[in-house]
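> Need a 3D model of the sequence below.
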Amino acid sequence: MTRRVDREQRRVEGLERFAIDEARRDFHARYGVLNLAPVVALICAYEEADNIGDVLKAVPDEACGLPVSPLVIVDGGEDATAEIALGLGAMTCVFPANLGHGVALKVGYRLCIEGGARYVVTLDADGQNDPAELADLLAPVVEGTADFVVASRRLGVDQTKDQVRRTGVVVFAWLMNRLTGSQLTDTSNGYRALRVELLADVVDRLEQRQYQTAELLITAISRGWRVTEAPTVWRPRASGVSKKGSNLFFGFRYASVVLATWRRERRGRAQRPAAAS
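Okay, the predicted model is just below:
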C-alpha cells in the first residue's frame, strides 16, 4: 500500500511540474526577460471572469511613490478569466489545469523574485479586497518597520454576514498566536504586503496546494521576519461563490495546515545548528 501511495504521489507531483513548466514557457514566450515594477499586485484567479476585470481596473498605478504592476496567475478553469486579464494589459500566467491556490501563489512568488520586484502585495480576484487600500498595507514594509503586513478585517470593517466565518477568524487567530507567540487579529486574510527577500527565504519551504495563508505566515514568523497588521475593509464577493468549500471543510483544512506547519517549523528550529559564540 505504501509503495502504491508513493507512486501516486510521484505521479501527481510530476503532472504538477509539467503543468507549471508549460505555463512558464508560455509566459516567458509572451513577455521575454522579466523586468517587473518595484511593486507587484499578485492576483491568483480560478474562474473569476465576472470579477477579475473590476479588480484589475482598481489596482493603483502607484503606491508609496513606487510604480505598481499587476501579475495574474490563472489557475486553470474554463471561463474567460485569462482573456480578460490579458485584454486589460496585466501580465498573465495561465495554468493548463487547476493546481490549487497555494501552487499558483508559489509560482507567482517565484516570478516576482526572478523579475526583480522589491515588494509584493497579494489580493483576491473575487472583489473582497479593496485595491485602493494597497498603499496602506505596503507603507510599513517600504518604510522599513515591517517585512510582512497582513490585512485585518477585525481592526477594520467586515461587511460580510457569515457569523460562522467571523467566529472562525477569531478562533484561528487565537490558535496561531498561542503557537507562534504573535499578537495578530486576522491570520486567515490573503490580502498582504511582503518584502521580496522574505519570499526568497521561505518559498522553497511552502508545500500547501491550498490554504497557504497560514503556512506562509507561520513560516515567516518562525524564521524571524517582522509581521504586523493593517486595518482593512472586507467586502462580500462581488459575484459567484467561494472556492474554499463549506465552513466545516474550510475550518478543518485550515486548522490542519496551521498545526502541520507549526510542527514542521518547530522541528526545523530544533535541527538548525546553534550559532557560534
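> For the nearest residue to L34 once chain neighbours are set aside, give me phi and psi.
Among residues not flanking L34 along the chain, G115 sits closest, at 3.4 Å (Cβ to Cβ, 6 or more residues apart in numbering). From N, CA and C alone the C-beta is placed, and that goes for glycine too. As for G115, its main-chain torsions (degrees, to the nearest 10) stand at phi -90, psi 0.
> I'd say G115 and G32 touch.
No - G115 is beyond contact range of G32, at 11.0 Å (criterion: Cβ atoms under 8 Å).
> Those two: which has the busier surroundings?
Neighbour totals were compared for G115 and G32, and G115 leads with 18 against 8 (other Cβ atoms under 10 Å).
> Where do the strands of the stretch 101-250 of the chain begin and end?
Taking DSSP state E, counting those that start in this stretch as the criterion, the stretch 101-250 of the chain carries its strands at 119-124, 148-158, 192-195, 227-234.
> Each with direction, which strands does the third one pair with?
The one in question is strand 192-195. Applying DSSP bridges to the sheet, strand 192-195 is found paired with strand 119-124 (antiparallel), strand 148-158 (antiparallel).
> Around E133, how many other residues sit close by?
20.
> What ranges does the protein have for its helices?
Taking DSSP state H to define them, one finds helices in the chain at 2-31, 52-58, 81-87, 101-114, 134-143, 163-180, 196-202, 212-222, 247-271.
> Those: which one's closest to P231?
With Cβ to Cβ, the closest approach to P231 among the helices of the chain belongs to helix 134-143: 7.9 Å.
> buried ones in that closest one?
L134, A135, D136, L137, L138, A139, P140, V141, V142 (16 or more other Cβ atoms under 10 Å).
> Same check on stretch 230-238?
Buried positions in stretch 230-238, judged by neighbour count with 16+ other Cβ under 10 Å: A230, P231, T232, V233, W234, R235.
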